[in-house]
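Novice: one predicted model, sequence on top.
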Amino acid sequence: MRYRPDIIEQVRNETDIVQLISSYLPLKQKGSSFFGLCPFHHEHTPSFSVSPDKQLYYCFGCGAAGNVFSFLMQMEHCEFAEALQILAERANITLPAQEQTKEEREAESFKERLYLLHKVAGRFYYDVLQSEEGLAARKYLEERRVSLPIQRKFGLGFSPKGRSALLQHLKKEGFTKREMVESGLVMENDHGLYDRFYGRLMFPIFDIKGRIIGFGGRILDKGEPKYLNSPETILFQKKKNLYGVHFAQKARKDTILLVEGYMDMISIYQAGFPFVVASLGTAFHQDHANLLKKVAKEVILLFDSDEAGEKAALRAIPILVGSGFQVKVLQVPMGKDPDQFIKEHGTAAFGRLLVDAKGYLAFEIDCIRKKYNLENLEHKVAFTKEAAALLAKLPSAIERDGYTKDIAAKTGIDTAAIQAEIAKIAREDQTAFEKEAEKKRLRLYQGKTQVEARKEAKGVQEAQSVLLTAALNYPHLCQRLQEVLPETDYLEEVYQQMAKALYEAADAGQKLYPAQLVNLFETPQMQEKAAAVFAKPVEYPDNKALEKAVNEALQLVKRTKLDVSASSAESVEELQRLILEKKQLEQFWLTLS
């Protein structure tokens, strides 16, 4: 799909990147940029930078970078055209009709066919469930107390035990071999085509727009695996979808309950808690958090109370917290699963459990506590240090104080000592972050290693010193330099101001001295940098040596300036122009004679 470049540029100009990103995650201003926790990877210290001047973002942790379009595409799991439409609507801009290539029209048409195929398959599985062949599956659902209205609402079905029932049905409906195979519902081997699912209770998986994009199947007889999902397809990716998200969105609640299985999700929904979703047999991912951002502000994790369930919760917590969610954890008493608890104790009792869900930090501290014997002094110290490391990441001083007092009560260690440990860890984390960020900034320069970047930066600085010294000492050269190297081509403010003063003096037929140039600046740091230009005496044996030194320095400064400009180019045309200038620079030589 294509839109005119001027339309795209209009939408970009009307969208402030700081406001857009702030609607997804908290940002804090530091200098001219804004920082927050990166939404694209796990982190505890903010390394995600947003520049309002450049209207760009960059993560020093994972390297994610882009503009308003690329950010929205990643957060909303959408294509460029959809991102453009969302931002245009946000900016009250009416978009013209889209222009599509033949390939794009064919790809869109194929995708629509796959949506239709899944809908047909869902109806087929549902009809089989209602037939004689679905008797065992219906009996299982009856035993699990899944009502008929809920069965219909979720489109539950049954896949026949034969290996070609769906295959034959899809053929009758006119679907091609390519469509069937790429849907993931039909498999192919050396013997031909066959159904992926057979003899299983079927759970259609809907996307947030209510379209079937895949299936999960539970085996009813003996066999493995117990649960089987659709494979990854152009419609379905496990890390980007959650079971029941379409229904949870309709509930219009600020809270989402995240559970582990299909049946837990259905049981909780049926009990009157529609704000529930389930994972699809994979670890919680940043893309899951991005999806939940469309639905809620608070997430309650309800995983199994065993070690595996605790580990799953501990993996999900930093992703959710980093995405700006309020996070709580609910553990069902006596290790029961939610479905079992609701059946035995009723919906009111389950509702009370939800109300009493503990904050994520209390859960994390409880998990740490299990590793230690607080009757042992060494264990007390180790537990307190590990808990303090968690508290050091808390932005709220009030929360920090409350948890600090709780840990002090558990261990008998003085509150002031715990607070001092927290402050120390926070300082160390900040220092480590700043060092790592600086390393990554240096590596950004032309993809060079840290050592190469430092050498390159030093060489450019020395080249600017050569040019400024030459302009000061050789007035005739100063005028020539002004023609080919305007002061804005120097790469630092100190050098730009010095060049400007030298050029203006040359135009007026005046001579300047190093001390006068140093006096242009007020801060000690800038004065020191200016003075360093003239710190080393430079003499050239003849005009040829001077010409060589000036041209080498000129080439390096001009080339670096073009590289810097290219790194922030905002259009293909601008980038092509800069590349051409850099190529022409190879043939450039400033003659002094």
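Specialist: Thanks, I have the structure now.

Novice: how long is stretch 218-234 end to end?
Specialist: Terminal residues of stretch 218-234 are spaced 23 Å apart (C-alpha to C-alpha, to the nearest Å).

Novice: residues contacting that stretch, please?
Specialist: 111, 114, 136-137, 140, 182-185, 196-197, 199-201, 203, 205, 213-217, 236, 238, 261-262, 280-281 (C-beta atoms under 8 Å, 6 or more residues apart in numbering). For the C-beta atoms, the positions are set from N, CA and C on the backbone; glycine is no exception.

Novice: mind giving me the domain ranges of this structure?
Specialist: 5-90, 104-236, 245-356, 371-441, 450-585 (automatic domain parsing).

Novice: just name the most buried of those.
Specialist: The highest mean neighbour count among those, using mean count of other C-beta atoms under 10 Å, belongs to domain 245-356: a mean of 19.

Novice: tell me how far the ends of it are from each other?
Specialist: 24 Å.

Novice: again with stretch 505-514
Specialist: Span of stretch 505-514 from end to end, C-alpha to C-alpha: 13 Å.

Novice: quick one: average confidence on that stretch?
Specialist: For stretch 505-514, the mean pLDDT works out to 81.

Novice: off-centre distance for that stretch?
Specialist: 53 Å (C-alpha atoms, centre = their mean, to the nearest Å).

Novice: show residues contacting that stretch.
Specialist: Against stretch 505-514 from outside (C-beta under 8 Å, 6+ apart): 471-472, 475, 478-479, 482, 501-502, 531, 533-534.

Novice: identify the farthest-apart pair in those.
Specialist: Q479 and A531 (24.9 Å; C-beta to C-beta).

Novice: going along the chain, name the helices of the stretch 101-250 of the chain.
Specialist: Assigned by DSSP state H, counting those that start in this stretch, the stretch 101-250 of the chain shows helices spanning 102-130, 135-143, 148-153, 165-172, 177-183, 245-251.

Novice: would you reformat those helices as a markdown table and include mean pLDDT and distance to E399?
Specialist: Formatted as a markdown table, the helices of the stretch 101-250 of the chain follow (pLDDT from 0 to 100; distance: least, C-beta to C-beta, whole Å):
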| stretch | mean pLDDT | distance to E399 |
| --- | --- | --- |
| helix 102-130 | 95 | 45 |
| helix 135-143 | 96 | 44 |
| helix 148-153 | 97 | 39 |
| helix 165-172 | 97 | 53 |
| helix 177-183 | 97 | 48 |
| helix 245-251 | 92 | 28 |
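
Novice: any chance of these in a markdown table, with distance to E82 too?
Specialist: Compiled in a markdown table, the helices of the stretch 101-250 of the chain are given as follows (distance: least, C-beta to C-beta, whole Å):
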| stretch | distance to E82 |
| --- | --- |
| helix 102-130 | 12 |
| helix 135-143 | 37 |
| helix 148-153 | 28 |
| helix 165-172 | 29 |
| helix 177-183 | 22 |
| helix 245-251 | 17 |
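
Novice: right, and the ones you listed - which one's nearest A271?
Specialist: Nearest of these (C-beta to C-beta): helix 148-153, 10.3 Å.

Novice: which strands or helices does that closest one pack on?
Specialist: Packing partners of helix 148-153 (3 or more C-beta pairs under 8 Å, 6 or more residues apart in numbering; DSSP states H and E): helix 262-270.

Novice: for the closest residue to K119 other than its chain neighbours, give me the pLDDT.
Specialist: In space, and not counting its chain neighbours, K119 is closest to I212: 5.7 Å by C-beta to C-beta, 6 or more residues apart in numbering. I212 is assigned a pLDDT of 98 by the prediction.

Novice: for I212, give the beta-bridge partners.
Specialist: Bridge pairing for I212 (DSSP bridges) gives the partners F206.

Novice: distance from stretch 145-154 to the middle of the chain?
Specialist: Using C-alpha atoms, centre = their mean, the offset of stretch 145-154 from its chain centre is 37 Å.
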